[in-house]
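Enquirer: fold the stuff below for me.
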Amino acid sequence: MKKLVFTGGGTAGHVTPNLAIIKEIRHEDFQIDYIGSKNGIEKELIEKTGIRYHSISSGKLRRYLDFENVKDIFRVLKGCLDARRILKKLKPDLVFSKGGFVSVPVIIAASTLKIPIYIHESDLTPGLANKISQRFATKIFTSFDETKKYLPASKTEAIGSPIRKEILQGSEDKGRRFLEFHSQLPVLLIMGGSLGARKINEAVRNNLDELTKRYQIVHLCGKGNIDALLENRRGYRQFEYVHEELADILATTDFVITRGGSNAIFEFVALEIPMVIIPLSRAQSRGDQILNAESFQAKGYSVTLEEEELTSESLQDHLDMITVKKEEIRRKMREGNQAGALDKLVAEIRAIAAK
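Expert: Numbering: from 1, shown residues only. Below you'll find the predicted structure:
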């Protein structure tokens, strides 16, 4: 039996692509383990699947001066020792990483044990974790063609983003029944994400009278952001999150307002849903979502609305843009769709396991 170790965490975006791959191969002749942090979101998501989970010490990789950086040096060093101990025991044939700060000790430890390492970078520019890890990687895969210029050319391949297959298999009828929506108005999905959802939530709710004249609205507003006064609002459904129903909701969705996280926006391309992307500002992030949004707008998949320019009026203006251009946007998405990334990664994993 071949042995695989997956790693990656810090945000759901560093975990869900790993889960997509694991779902494809877990019933084959593989022993699969996951290494993550002790308290990160990856622990919760992976343990739900029944995959064996191993916790290590990890620090946060910061780009600014902070006394915590000194402490985190020791946490990362301990994480390397933790990971090396686990890897020596498991003896995997491959380590696959989706990035995030917890992946760095795992990759360093794997390199000292001469274990092959595959990395997938979702964003247009590599995050700090993958900037460190790329020198140890056997092979690097990217979502964007543009990312290749930031990484070693000899071992980098642009393949797109691994799309969860279940996302593509939703039922429009089930989605409409779940939402109690009719077919006379288009469905607008709003996904503000967990970080920085407040401004999007406010802009949408401040403009509900106008928006609900044109759209039926599904609002995934984030934990703790339900507005009890809007619970019975006609044509408006709000949820903190959805899980099992997400594919059916997406099957009913005509337009989406979203942040610029790579995994989500590639899924919307695969589903051919025109987007207004409101990326996190540079004050809230390293600017990766801004670059993702610029790339998608240049390809004709979306329009970008900077958070600093977000108002009820500008939001409606940008929705009008994608409504007018919806057929052109869907055609470009269809022509540029990179839906084969998941199959490519699974084939690469199977190939190294077969050696």
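
Enquirer: look up the residues forming beta bridges with K2.
Expert: Note on K2: beta-bridge partners F30, judged by DSSP bridges.

Enquirer: so what's it up against?
Expert: Residues near K2 by C-beta atoms under 8 Å, 6 or more residues apart in numbering: 29-31, 93, 353. For glycine as for every other residue, the C-beta is placed from the backbone atoms N, C-alpha and C.

Enquirer: go again with 10 Å.
Expert: By C-beta atoms under 10 Å, 6 or more residues apart in numbering, the contact set of K2 is 25, 28-32, 92-94, 349-350, 352-355.

Enquirer: from these, which would you call buried?
Expert: Among those, the ones that count as buried by 16 or more other C-beta atoms under 10 Å are 25, 30, 32, 92-94, 349, 352-353.

Enquirer: among those, which ones are in strands?
Expert: 30, 32, 94 (DSSP state E).

Enquirer: how many other residues sit next to I22?
Expert: 19 (other C-beta atoms under 10 Å).

Enquirer: how close does the closest residue in space to it that isn't next to it in sequence get to R164?
Expert: Closest residue to I22 apart from its sequence neighbours, by C-beta to C-beta, 6 or more residues apart in numbering: I32 at 6.0 Å. As judged by C-beta to C-beta, to the nearest Å, I32 and R164 stand 17 Å apart.

Enquirer: the stretch 51-200 of the chain: helices as residue ranges?
Expert: 68-90, 103-112, 128-133, 172-179, 197-206 (DSSP state H, counting those that start in this stretch).

Enquirer: between those helices, which gets nearest to D254?
Expert: helix 172-179 (10.5 Å; C-beta to C-beta).

Enquirer: mind giving me the packing neighbours of that closest one?
Expert: If you count contacts as 3 or more C-beta pairs under 10 Å, 6 or more residues apart in numbering; DSSP states H and E, helix 172-179 packs onto strand 187-191, strand 216-220, strand 236-239, helix 246-252.

Enquirer: show residues contacting that helix.
Expert: Contacts to helix 172-179, defined as C-beta under 10 Å, 6+ apart, come from residues 171, 181-183, 187, 216-218, 235, 237, 239, 242, 244-253.

Enquirer: any quick ChimeraX command for the buried ones out of the residues you listed?
Expert: Here is the ChimeraX selection string for the buried members of the contacts of helix 172-179, based on 16+ other C-beta under 10 Å:
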select :181,187,216,217,218,235,237,239,246,247,248,249,250,251,252,253
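
Enquirer: output the below-cut-off pLDDT ranges for the stretch 251-355 of the chain.
Expert: 283, 337-338 (pLDDT under 70).

Enquirer: can you pull out the helices in it?
Expert: Using DSSP H, counting those that start in this stretch, the helices assigned to the stretch 251-355 of the chain run over residues 262-270, 288-298, 312-324, 326-336, 341-354.
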